[in-house]
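Quick one, fold the following:
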Amino acid sequence: MYNYITNIAHVITTINDDYYVMIDIRLTLTEGRFPVSALHEFVRVTDANESVMSFMCQLSGNRKEMHGYFATDAFDNFIGAVTIEFGYGAQPIGSIPMTGIQGHIDPLNTIFAASGIPDAATALLKTIPTN
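You can find the predicted model right below:
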């Protein structure tokens, strides 16, 4: 059984060389590393009514952290209990229950918030071509 530390925050990230504000769900292993896999990583958040898959996902270089990046409005309709699932392909390797996900999202640092970098809301992400 693995133990994870979960951090959820607004962050600045790049998509196709442009900067955007997104929500990063960072899962950190307290011991060991995430396995190497030929399948793509995923992070998914589910409540009683809907499920949202991360727009993009990546492992840190040392494979101790998995990052799932979500639109800034991804959890606007989520209420109550949620489950954060993560894994490879379509197969979860772990899940973390949580209540009130909006209250767990750390705001963007005020210095960066004043920079004018656009939020990557769901409608905007649908217009961005990905490789």
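
quick one: the residue lying farthest from the centre of the chain and residue 93, what's the gap?
Largest separation from the mean C-alpha position in the chain: residue 114, at 22.5 Å (CA atoms, centre = their mean). Applying CB to CB, to the nearest Å, the value for residue 114 to residue 93 is 39 Å. Glycine gets a C-beta too; all of them are placed from N, C-alpha and C.

ditto for residue 101
For residue 101 relative to residue 93 (CB to CB), the value is 20 Å.

Before we go further, residue 103 is sitting in a strand, right?
No. Looking at residue 103 with DSSP: H, G, I helix; E, B strand; the rest coil, it is helix, so not inside a strand.

Give me the contacts around stretch 74-82.
Outside stretch 74-82, the residues within contact range by CB atoms under 8 Å, 6 or more residues apart in numbering are 23, 45-50, 52, 97-102, 105, 122.

before we move on, back to that, so residue 101 and residue 93 - more neighbours on which side?
residue 101 (20 against 14; other CB atoms under 10 Å).

so that one sits right up against residue 23, yeah?
No. Residue 101 sits out of contact with residue 23 when judged by CB atoms under 8 Å, with a separation of 9.3 Å.

any residues in contact with both of those two?
Common neighbours of residue 101 and residue 23 (CB under 8 Å, 6+ apart) are 8, 75.

And the helices in the protein, which stretches?
110-113, 122-125 (DSSP state H).
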